[in-house]
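Asker: return atomic coordinates for the entry below.
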Amino acid sequence: MCFRLTLTMMLGILSGGITPAAEPEPVRRRSDPPVIRSSWDDLTEGIKTREDWHQRRTLLKQRFLELIRDDRKPDRPPLDMKTHESVVVDGAYTRHLISYSVEQDERAHAFLGIPLKLDGKAPAVVALHGTYAKGKERAVGLVDNPDKAYLDHLCRRGYVVIAPDHFVAGHRVPPEGPYDTTRFHQRHPEWTAVGKFTFEHSIAVDVLESLDEVDPKRIGALGHSLGGHGTLFLAAYDQRIRAAACNCGAAFFRHNSGVEHWARDHWYVYFKHIRPGLLRGELPPIDFHEIMALIAPRAFLDLSALNDGDPLTQRQRILMLMKVMDIYELEKVPQNFAFYVHGRGHGVAHESRQLIYGWLDTHLKPPEITKTRLVTEKP
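Answerer: Numbering: from 1, shown residues only. Here you go, the predicted structure:
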């Protein structure tokens, strides 16, 4: 009888007719939050005070300049800016195609957007495109993806915007094809592509400063992908950048299974000189959390996707960014650092654009522009 009952019960359980007794819920005990440890902690190792950080910052800035080989750059030439064409867009702003000198015998081309209705000097932005052959045309909304038409979007918000070509795109595509740096390295064997584009983007800031319409104390930068790298490096390099936003850029050196991409042996080569070390498993003496920290106390926003490349690498980015926040807290300006992590992949979706433009508004426009107000009842 007992055997029959047990068998019946077993059949009932298997058929879903009888529910076995539930396991008791575990008791969750109240506790203090644990300290989060990570390999990115070396950013603040041994640092107790703001003065300690400033000493470390000096060393990191030197390492950064050595990484991009800034001492190999040419002399900065006179701008000699020229306007090649001008178009009024929707009665909102004038878009100029300009060129200017970046080396003694080399000129960069860019689009420059200036709003038609300005009340005094305006904030300005360097808008950097990603890896696209007609990069600056996309950045103004003439081709491809309008999500990346930063110049058009920002000019309509009252910004003066310069959108330069990357040095191996647009007007300067080399014979080997877009983004091939072979001829650059033949001409500058000791320099780096990162040093080159950072130097040129800094010259784009010179262009903005030369304009009567621009407030030189309110210049920012933004970029996506390769332009995100460019924004990070420019903000670390040039103190005139007061606010910056990097979107889907800068996969760091450590914990990166594809770190050799930073020093390829073909096509676009960022840092040619670090390739031998990378192949031996040796990383440069500075990483991206330290480069980001060089931007402090100025405003910096990082946007990234957990599903942009290796998900394990992207999860490390969150730990890295948490450590960068420690530096902003040391500088007593935690409000000047933020990051947004999402699952939208490698793009600039609506909410990302809104965050970027809102970030620039907050840090480059007067406080009353972003201030909220109570509803006033009229009698």
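Asker: so which residues of the protein form helices?
Answerer: Under the criterion DSSP state H, the chain contains helices at 2-15, 50-68, 135-139, 150-155, 182-187, 193-209, 226-237, 275-279, 288-293, 311-330, 350-364, 367-370.
Asker: in TSV, list these along with mean neighbour count, distance to residue 216 and mean pLDDT.
Answerer: Just so you know, the C-beta spots here come from the backbone N, C-alpha and C atoms, and that holds for glycine as well. TSV is the format used below for the helices of the chain (neighbours: other CB atoms under 10 Å; distance: least, CB to CB, whole Å; pLDDT from 0 to 100):
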stretch	mean neighbour count	distance to residue 216	mean pLDDT
helix 2-15	10	76	48
helix 50-68	16	22	98
helix 135-139	25	22	97
helix 150-155	26	17	98
helix 182-187	14	30	98
helix 193-209	22	5	98
helix 226-237	27	16	98
helix 275-279	14	39	98
helix 288-293	25	24	98
helix 311-330	18	24	96
helix 350-364	18	12	98
helix 367-370	9	19	95
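Asker: let me have these in a markdown table, extended by distance to residue 125.
Answerer: As requested, the helices of the chain are arranged in a markdown table below (distance: least, CB to CB, whole Å):
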| stretch | distance to residue 125 |
| --- | --- |
| helix 2-15 | 66 |
| helix 50-68 | 22 |
| helix 135-139 | 11 |
| helix 150-155 | 6 |
| helix 182-187 | 26 |
| helix 193-209 | 8 |
| helix 226-237 | 10 |
| helix 275-279 | 34 |
| helix 288-293 | 19 |
| helix 311-330 | 22 |
| helix 350-364 | 7 |
| helix 367-370 | 15 |
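Asker: gap between the two ends of stretch 326-337?
Answerer: 10 Å (CA to CA, to the nearest Å).
Asker: pull the distance from that stretch to the chain's centre.
Answerer: 18 Å (CA atoms, centre = their mean, to the nearest Å).
Asker: just stretch 361-379 next, same as before
Answerer: For stretch 361-379, the distance to the chain centre is 28 Å (CA atoms, centre = their mean).
Asker: which one of the helices of the chain lies closest to residue 107?
Answerer: helix 193-209 (10.6 Å; CB to CB).
Asker: list the contacts of residue 226.
Answerer: 128, 129, 130, 131, 166, 249 (CB atoms under 8 Å, 6 or more residues apart in numbering).
Asker: need these in TSV (columns: pLDDT, distance to residue 181 and neighbour count).
Answerer: TSV is the format used below for the contacts of residue 226 (pLDDT from 0 to 100; distance: CB to CB, whole Å; neighbours: other CB atoms under 10 Å):
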residue	pLDDT	distance to residue 181	neighbour count
128	98	17	32
129	98	17	28
130	97	16	25
131	97	12	15
166	98	10	28
249	94	18	24
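Asker: these in strands, which ones?
Answerer: residue 128 (DSSP state E).
Asker: before we move on, the earlier item: which of the helices of the chain sits closest to residue 82?
Answerer: Per CB to CB, nearest to residue 82 of the helices of the chain: helix 193-209, 11.3 Å.
Asker: quick one: list the elements packing against the closest one.
Answerer: Other helices and strands packing on helix 193-209, by 3 or more CB pairs under 8 Å, 6 or more residues apart in numbering; DSSP states H and E, are helix 50-68, strand 93-103, strand 106-115, strand 122-128, strand 160-164, helix 182-187, strand 214-224, helix 226-237.
Asker: what's the farthest-apart pair in the contacts of residue 226?
Answerer: Farthest pair in these, by CB to CB: 166 and 249, 13.1 Å.
Asker: overlap in contacts of the two?
Answerer: 226, 230.
Asker: and the closest residue to residue 164 other than its chain neighbours, bridged to which residues?
Answerer: Excluding the flanking residues, the one nearest residue 164 by CB to CB, 6 or more residues apart in numbering is residue 110, at 3.8 Å. Assessed by DSSP bridges, residue 110 has beta-bridge partners residue 98, residue 164.
Asker: and residue 110, what does it touch?
Answerer: Per CB under 8 Å, 6+ apart, neighbours of residue 110: 97, 98, 99, 100, 136, 162, 163, 164, 165, 204, 207.
Asker: nearest the geometric middle of this protein, what residue?
Answerer: The residue lying closest to the centre of the chain (CA atoms, centre = their mean) is residue 246, at 1.6 Å.
Asker: what sits against it?
Answerer: Contacts of residue 246 by CB under 8 Å, 6+ apart are 222, 223, 228, 229, 231, 232, 300, 301, 302, 303.
Asker: from those, pick the one nearest residue 179.
Answerer: Among the contacts of residue 246, and counting by CB to CB, the member closest to residue 179 is residue 229, at 12.8 Å.
Asker: that closest one reaches residue 250, doesn't it?
Answerer: Yes - between residue 229 and residue 250 there is a contact under CB atoms under 8 Å: 5.1 Å.
Asker: list the contacts of residue 358.
Answerer: residue 370.
Asker: go again using 7 Å as the cut-off
Answerer: Listed by CB atoms under 7 Å, 6 or more residues apart in numbering, residue 358 has no contact partners.
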